[in-house]
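1. Sharing a model that was predicted from the sequence below.
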Amino acid sequence: MIQLRLAACLVGLLFTIAQTVHADGLVLNVGYLRLEEPPRPVLSNLDPIPEDRGIAGAALGRSDNATTGQFLGHSYTMDVVSLPPDGDVVDAARTMLAASRVVILDMPAGALLQVADLPEAQGALLFNVTAQDARLRDGDCRANLLHARPELAMEADALMQVMLAKRWGKIALIEGPTPEDAALAQAYRTSARKFGLKIVSDKAWTFDTDLRRAAATEVPLFTQGFKKHDVILVADAHDDFARYIEHNTWEPRPVIGSTGLQALAWSPVVEQWGAAQLQSRFEDQSARRMWPRDYAAWAAMRSIGEAVTRTGQTTPDALRSYILSDAFELAAFQGRALSYRAWNGQLRQPIPVVNARAQVAAAPLDGFEHARNPLDSLGLDQPESACTAFGE
């Protein structure tokens, strides 16, 4: 009888606490500001870009936060503003920051810095889910800007680790014609030097012919002059011509980088560690597959939710301090807990290395160690970074 009374009292106490927490519940409004990308002419239209790319990932993250938050009296709202390519991002950011001090930014590096440097953004917490530029994690870092999207160097390093493990030591590099292609090619060159791989041929792609008709004749001629190589690495940031290189080369070699074997922050073929369940929930919500930008936006929103859950606070300073602390961990269906680098705000994550139908590896591979965290073997490490805004 005494035990029953104690149990009843305990249940009553827990119910009272739950009511009190819910009555004093926290509400966090997260802003999502997107600067739309102008359409680019590409050779193939087989892979259209979803209109809600990024936004759909954040929406799933908000839903996941709400599922956890309902037991704690925490609720989350999301305001989305999507600007045309010529929209006034500064004016829109000022309006959004007046309504929310926690904002997810989906835009190129230049626009990101414009927003992060606004007086209204000082003391806010901003998340980059798009730009992979090295400078944002280096000399152009900002203390109020965290990066849920991997930098290019992280993906390049993941690919090089796999090549090293497979003993593909000699690389023929093809670089596309755009500035984004040049940045990707430079990331590959830097990573190849880091891991002791050799680029034996380095050639610019200058064709403007319709490869849908001419690939079988043009590509063999283009690749015929390559020095002896184990693999062809293609830097095609816009997914324009790379697909026509594979299976059309002069010598039968693996084609990797922007086609074939790829290092991506996320891919529909990732199935382990509960990833299939995340993929399924995303498809149920959005009627399509999850893209890397969706995953970055989901991770940003979940990082926010995890910080609110653990701290019981919604102020940007409290959330930022916890997210950058050693205590923060995000379970994100990658087989390892994700965390943020305290010296430049980059999210640490494993990088899946995949082909069109299966995951081949997850970097960092076994044997690639690091004094602090194996995930720091990918991308810009603290001694290499010129970022001083974080005070580390």
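-> Perfect, thanks for sending it.

2. Next, give phi and psi for residue 216.
-> Backbone torsions for residue 216, taken as degrees, to the nearest 10, come to phi -70, psi -20.

3. I figured it hits residue 249, correct?
-> No. Taking contacts as Cβ atoms under 8 Å, residue 216 lies outside contact range of residue 249: 11.0 Å. (Each C-beta comes from the backbone N, C-alpha and C, glycine too.)

4. Can you give me the distance of the residue nearest to the spatial centre of the chain to residue 270?
-> Nearest to the mean C-alpha position of the chain, by Cα atoms, centre = their mean, lies residue 149 at 2.5 Å. Residue 149 is 16 Å from residue 270, where distance means Cβ to Cβ, to the nearest Å.

5. In the stretch 151-300 of the chain, where is pLDDT below threshold?
-> For the stretch 151-300 of the chain, applying pLDDT under 70 flags the ranges 208-214.

6. all strands for it, in order.
-> All strands of the stretch 151-300 of the chain, identified by DSSP state E, counting those that start in this stretch, fall at 170-175, 198-204, 231-235, 255-257, 262-263.

7. now the angle from the third one to strand 170-175?
-> With axes from the mean of the first three to the mean of the last three Cα atoms, to 10 degrees as the basis, strand 231-235 and strand 170-175 are set at 20 degrees to each other.

8. Tell me the helices and strands packed up against strand 231-235.
-> strand 170-175, helix 179-194, strand 255-257 (3 or more Cβ pairs under 8 Å, 6 or more residues apart in numbering; DSSP states H and E).

9. so what strands line up beside that strand?
-> Neighbouring strands of strand 231-235 in its sheet, by DSSP bridges, are strand 170-175 (parallel), strand 255-257 (parallel).

10. With the last one instead?
-> For strand 262-263, the paired strands and their directions (DSSP bridges) are strand 351-354 (antiparallel).

11. pretty sure the residue nearest to the centre of the chain contacts residue 265?
-> Yes. Between residue 149 and residue 265 there is a contact under Cβ under 8 Å: 6.7 Å.

12. what is in contact with those two at once?
-> 292, 296 (Cβ atoms under 8 Å, 6 or more residues apart in numbering).

13. The helix or strand where residue 59 lies: how far from the chain's middle?
-> Applying DSSP states H and E as the criterion places residue 59 in helix 55-69. Averaging C-alpha positions (Cα atoms, centre = their mean, to the nearest Å) puts helix 55-69 17 Å from its chain's average.

14. Does it pack against any helices or strands, and if so which?
-> Judged by 3+ Cβ pairs under 8 Å, 6+ apart, helix 55-69 is in contact with strand 26-35, strand 74-83, helix 275-286, helix 292-311.

15. and of these, who's closest to residue 117?
-> For the helices and strands packed on helix 55-69, distance to residue 117 was read as Cβ to Cβ. The smallest value, 14.8 Å, belongs to strand 26-35.

16. returning to what we had before: dump the C-alpha coordinates for the helix holding residue 59 into CSV.
-> Taking C-alpha atoms only, helix 55-69 is exported to CSV below (Å, rounded to 0.1, in the frame of the first residue of the first chain):
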residue,chain,number,x,y,z
ILE,A,55,13.9,24.5,-47.5
ALA,A,56,12.5,20.9,-47.4
GLY,A,57,15.4,19.7,-45.3
ALA,A,58,14.9,22.5,-42.8
ALA,A,59,11.2,21.7,-42.7
LEU,A,60,12.0,18.1,-41.8
GLY,A,61,14.4,19.3,-39.1
ARG,A,62,11.8,21.6,-37.6
SER,A,63,9.4,18.7,-37.5
ASP,A,64,12.0,16.5,-35.8
ASN,A,65,12.6,19.3,-33.3
ALA,A,66,8.9,19.6,-32.6
THR,A,67,8.6,15.8,-31.9
THR,A,68,11.3,16.1,-29.2
GLY,A,69,10.1,19.5,-28.0
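
17. Tell me which of the helices and strands packed on helix 55-69 sits most buried.
-> Of all those, helix 292-311 carries the top mean neighbour count, a mean of 24, counting by mean count of other Cβ atoms under 10 Å.

18. ends of stretch 62-81, how far apart?
-> Here the two ends of stretch 62-81 are set 16 Å apart, with distance taken as Cα to Cα, to the nearest Å.

19. wait, isn't residue 112 in contact with residue 129?
-> No. In this structure, residue 112 is not within contact of residue 129 by Cβ under 8 Å, at 10.1 Å.

20. These two: which is more packed in?
-> The residue with more neighbours, out of residue 112 and residue 129, is residue 129; 28 against 24, by other Cβ atoms under 10 Å.

21. Please list all residues in contact with the residue nearest to residue 98 when sequence neighbours are not counted.
-> Ranked by Cβ to Cβ, 6 or more residues apart in numbering and with sequence neighbours excluded, the top spatial neighbour of residue 98 is residue 120, at 7.1 Å. The contact partners of residue 120, by Cβ under 8 Å, 6+ apart, come to 93-94, 97-98.

22. Could you turn the buried ones of those into a PyMOL selection?
-> Selection of buried members from the contacts of residue 120 for PyMOL, criterion 16 or more other Cβ atoms under 10 Å:
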select buried, resi 93+97
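
23. any chance of the contacts of residue 120 in TSV, with distance to residue 107 too?
-> Shown next, in TSV, are the contacts of residue 120 (distance: Cβ to Cβ, whole Å):
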residue	distance to residue 107
93	10
94	15
97	14
98	19
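
24. sorry, back to before: who wins for proximity to residue 143 among the helices and strands packed on strand 231-235?
-> With Cβ to Cβ as the measure, helix 179-194 is the member of the helices and strands packed on strand 231-235 nearest residue 143 (24.1 Å).
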